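Q: have a look at this prediction, sequence included:
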Amino acid sequence: MRFMMMVIPKGYEAAAPDTVPDAKAVAKMMEYNRSLQKAGVLLALDGLLPPSTGARVAYTDGKATVTDGPFAEAKEVIGGYWIIQVRSREEAIEWARRAPMSNHEMIEVRQIFEMGDFPADVQEAAEGFNDLKNAAADKA
Amino acid sequence: MSDIHKTIEAVWKIESTRLIAGIARVTRDIGIAEELAQDALVAALEQWPEEGIPEKPAAWLMTAAKRRALDYLRRGHMLEIKHGEIARDLEFQQQRLGEAMDQALDQMIDDDVLRLIFTACHPVLAVEGRVALTLRVACGLTTAEIARAFLVPEKTLGQRIFRAKKTLSEAHVPFETPRGDELRKRVESVLSVVYLIFNEGYTATSGEEWMRAELCNEALRLGRMLAELLSSDFLVSEVHGLLALMELQASRTAARRGPSGEAVLLSEQDRSLWDYAQIERGMAALHRAQQLGGGARPYALQAAIAACHARANTLAETDWERIVLLYDALLQVGPSPIAALNRAVAVGMAPGPAYGPAAGLQALDALASEPALTNYHLFPSVRADLLVKLGRYGEAREELQRAIAMTDNVREHELLSRRLEQAMSVDE
């Protein structure tokens, strides 16, 4: 089963657009990333720029409204993620416990849907989704 | 199982390989190392529910296991002076386990994990022993889990592991990473074990065989571990070749079975069910293999063939000509009747004057005397397909009947019978 571990860094909701992680923290994180890799569980990982560089698109009655970041109402925002392949929810949590996080930071652990988890009708409806991914892979 | 037991199990699954490897450095015997690691697990199962999960569970287990390893050595199971020295070294090490030492140990344990895998896949063992022992010590699976995956009684599997450990011990197989030419040969042995584990899972047929299908993930995990642990580019390229092959094959898992569990051939698969994230991982691994100079090695070539299929949105879009060339390259590395058979299929599919069903049939018939293919149901099955395309339905029916007589597999039977029915309904 695959899990996404989402990093919720402290204060990232208000971080300046040019915020970059400091070298020491990155070095520690790399060590942790290596341990995931050496255990053969790491499938993907990425870090995200602060929300002040992002935008939110909200939908009301079929109308989309765009708000540029930072978002005043946001308290917890994602700063990056790992996707890991493990054998149980507990194993994913154990990996999250090992991450080198600072005081009051958080990692949210969420399982990723596999196609096989869906009932047949949802799988059928999702066919187009895979075609999209297919087209994206073609372009890559 | 209570939550705390589930957590302990998860910690074990994560840590057991490094734990066993680290202890084997001291005991030089992976059977004993595994037992001592198990003892540490038992201690955790006794203490953690009362005292709570330690802050650093891995370090806790390692300390507990090393204490047991020291006791074991002191108890005089190994009285030779050299082991006395190892025990003193270890005490010295333990006294100085500072932060810096921890890091050095980490690197050391990486090497130990590699030694562990090489030892578990040692050629002195029967292949099934290698597979079982690898899953046990390098993947942290329990005997019960492995037994379930291989559809054998737990007792049988337990004996298999016991025998493998005994053989290693009696043959005095050293706990080491081989060097020079030997290394290359032994990596091949390791990779073949990994691929065997993968294929065991890949042939699993239905949802209730969940543990069996999980073997694919175990094999992929082992492959990723090896890609990190091996240092020479050439060997790493081999591993990436195998990883690419496994990822690309596994990407089709959801499409390989129909609603009632029947086999669906590649040509019939609903390609929208393929896992394109996995295909991308496979493509990336193949690219790595090629970059590191291993593109012409057997696993990478097979992966490149799988990549041709993965790239095609439909059967007709498949670059069959390229597949023929890749099979040619594969057959140059080493003879393989199955690869030759698949090559004939590709020849039959490819466009152009040199290819097509007639050329495919010719390529296939050149293999008729291959002993490995004489009783292989796919030979008449492929032949039937080519004959149908040539409009020779009478002969095709005969071939399908031959194929049906050759297979015991229920799903294959169904598939062939369906094709026979279709061939029956056509007039020549």
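A: Perfect, thanks for sending it.
Q: check whether the helix or strand containing B:Glu35 contacts chain A.
A: Under the criterion DSSP states H and E, the helix or strand holding B:Glu35 is helix B:30-51. No: contact between helix B:30-51 and chain A is absent, the nearest approach being 12.7 Å (criterion: CB under 8 Å from any CB of the partner chain). Placement of C-beta: from N, CA and C, glycine included.
Q: list the buried residues of the helix or strand that that helix is followed by.
A: Sequence-wise, the next helix or strand beyond helix B:30-51 is helix B:57-72, with elements assigned using DSSP H and E. Buried residues in helix B:57-72, counting neighbours by 16 or more other CB atoms under 10 Å in any protein chain shown, are found at B:57-58, B:60-62, B:64-70, B:72.
Q: hang on, the earlier thing: got the contact list for the helix holding B:Glu35?
A: B:2, B:4-5, B:8, B:11-12, B:16, B:19-21, B:23-24, B:26-27, B:54, B:57, B:60-62, B:64-65, B:68-69, B:72, B:116, B:119-120, B:133, B:136-137, B:165-166, B:168-169, B:175 (CB atoms under 8 Å, 6 or more residues apart in numbering or on different chains).
Q: low-confidence ranges in chain B?
A: In the predicted model of chain B, residues B:76-105, B:204-211, B:427-428 satisfy pLDDT under 70.
Q: how is it carved up into domains?
A: For chain B, the structural domains run B:1-97, B:375-428, going by automatic domain parsing.
Q: secondary structure class for the residue lying closest to B:Ile161 once chain neighbours are set aside?
A: Here the nearest residue to B:Ile161 in space, its sequence neighbours aside, is B:Ala132; by CB to CB, 6 or more residues apart in numbering or on different chains that works out to 5.2 Å. Applying DSSP: H, G, I helix; E, B strand; the rest coil to B:Ala132 yields a three-state assignment of helix.
Q: next, count neighbours for B:Ala132.
A: The burial metric for B:Ala132, expressed as a neighbour count using other CB atoms under 10 Å in any protein chain shown, is 30.
Q: show me the contacts for it.
A: Counted by CB under 8 Å, 6+ apart, B:Ala132 has contacts B:Ile146, B:Phe150, B:Leu157, B:Arg160, B:Ile161, B:Ala164.
Q: if you set the cut-off to 10 Å instead, what comes out?
A: Neighbour list for B:Ala132: B:120, B:125-126, B:141, B:143, B:146-147, B:149-150, B:152, B:156-164, B:197 [criterion: CB atoms under 10 Å, 6 or more residues apart in numbering or on different chains].
Q: just the buried residues of those residues.
A: Neighbour-count burial within these applies to B:120, B:125, B:141, B:143, B:146-147, B:149-150, B:157, B:160-161, B:163-164, B:197; the criterion is 16+ other CB under 10 Å.
Q: redo those residues as a markdown table? Include secondary structure and distance to B:Glu421.
A: As requested, the buried ones among the contacts of B:Ala132 are exported to a markdown table (DSSP: H, G, I helix; E, B strand; the rest coil; distance: CB to CB, whole Å):
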| residue | secondary structure | distance to B:Glu421 |
| --- | --- | --- |
| B:Ala120 | helix | 48 |
| B:Leu125 | coil | 47 |
| B:Leu141 | coil | 43 |
| B:Thr143 | helix | 45 |
| B:Ile146 | helix | 40 |
| B:Ala147 | helix | 39 |
| B:Ala149 | helix | 35 |
| B:Phe150 | coil | 35 |
| B:Leu157 | helix | 41 |
| B:Arg160 | helix | 43 |
| B:Ile161 | helix | 46 |
| B:Arg163 | helix | 48 |
| B:Ala164 | helix | 47 |
| B:Ile197 | helix | 37 |
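Q: from the residues you listed, which is closest to chain A?
A: Ranked by distance to chain A (CB to the nearest CB), those are led by B:Leu141 at 9.1 Å.
Q: spatially nearest residue to that closest one, not counting backbone neighbours?
A: Beyond its immediate neighbours in the sequence, the residue positioned closest to B:Leu141 (CB to CB, 6+ apart) is B:Leu135, lying 4.7 Å away.
Q: ok, A:Leu36 next?
A: Residue nearest to A:Leu36 in three dimensions, not counting chain neighbours: A:Leu42, with 4.0 Å by CB to CB, 6+ apart.
Q: so what's the one you found bridging to?
A: The residues listed as beta-bridge partners of A:Leu42 by DSSP bridges are A:Ile84.
Q: surely it and A:Asn33 touch.
A: Yes: judged on CB atoms under 10 Å, A:Leu42 makes contact with A:Asn33 at a distance of 7.0 Å.
Q: quick check: neighbours shared by those two?
A: Both A:Leu42 and A:Asn33 are contacted by A:Trp82, under the criterion CB under 10 Å, 6+ apart.
Q: the two - which one has more neighbours?
A: When A:Leu42 is set against A:Asn33 and neighbours are counted by other CB under 10 Å, the residue ahead is A:Leu42, at 20 against 15.
Q: look up how far B:Thr17 lies from the more buried one.
A: Relative to B:Thr17, A:Leu42 is positioned 16 Å away (criterion: CB to CB, to the nearest Å).
Q: how about B:Val194?
A: Using CB to CB, which is the criterion applied here, B:Val194 is 14 Å from B:Thr17.
Q: for these two, indicate the residue with more neighbours.
A: Comparing B:Val194 with B:Thr17 by neighbour count (other CB under 10 Å), the higher total belongs to B:Val194, at 27 against 24.
Q: so who does that one touch?
A: Going by CB under 10 Å, 6+ apart, B:Val194 touches B:117, B:121, B:131, B:134, B:138, B:218-223, B:225-226, B:239, B:242-243, B:246.
Q: repeat that for 6 Å
A: Counting by CB atoms under 6 Å, 6 or more residues apart in numbering or on different chains, B:Val194 touches B:Ala219, B:Leu222, B:Gly223.
Q: which of these count as buried?
A: Buried by 16+ other CB under 10 Å: B:Ala219, B:Leu222, B:Gly223, out of the contacts of B:Val194.
Q: tabulate the contacts of B:Val194 in a markdown table, adding columns for distance to chain A and secondary structure.
A: What follows is the contacts of B:Val194, written out as a markdown table (distance: CB to the nearest CB, whole Å; DSSP: H, G, I helix; E, B strand; the rest coil):
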| residue | distance to chain A | secondary structure |
| --- | --- | --- |
| B:Ala219 | 10 | helix |
| B:Leu222 | 6 | helix |
| B:Gly223 | 7 | helix |
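Q: dump those residues into CSV; add distance to B:Val324 as well.
A: Conversion of the contacts of B:Val194 to CSV gives the following (distance: CB to CB, whole Å):
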residue, distance to B:Val324
B:Ala219, 28
B:Leu222, 32
B:Gly223, 28
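Q: and which of these is nearest B:Ala423?
A: Taking CB to CB as the measure, B:Ala423 sits nearest to B:Ala219 out of these, at 37.4 Å.
Q: excluding covalently adjacent residues, which one is nearest to that closest one?
A: Nearest to B:Ala219 is B:Phe198, by CB to CB, 6+ apart, at 3.6 Å.
Q: list the contacts for that neighbour?
A: B:Phe198 makes contact with B:Cys216, B:Ala219, B:Met246, according to CB under 6 Å, 6+ apart.
Q: these two touch, right, the first one and B:Gly201?
A: Pointing back at B:Cys216 there. Yes: in this structure B:Cys216 lies within contact range of B:Gly201 using CB atoms under 6 Å: 3.8 Å.
Q: what about the helices in the stretch 51-200 of chain B?
A: In chain order, the stretch 51-200 of chain B shows helices spanning B:57-72, B:81-95, B:99-120, B:127-137, B:143-149, B:154-170, B:180-202, with DSSP state H, counting those that start in this stretch as the criterion.
Q: CSV please, covering those and showing distance to A:Thr65.
A: Formatted as CSV, these follow (distance: least, CB to CB, whole Å):
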stretch, distance to A:Thr65
helix B:57-72, 47
helix B:81-95, 62
helix B:99-120, 50
helix B:127-137, 54
helix B:143-149, 52
helix B:154-170, 60
helix B:180-202, 48
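Q: out of the ones you listed, nearest to B:Gly334?
A: helix B:180-202 (11.5 Å).
Q: got the buried residues for the closest one?
A: Neighbour count says helix B:180-202 has B:183, B:186-198, B:200-202 buried, by 16+ other CB under 10 Å.
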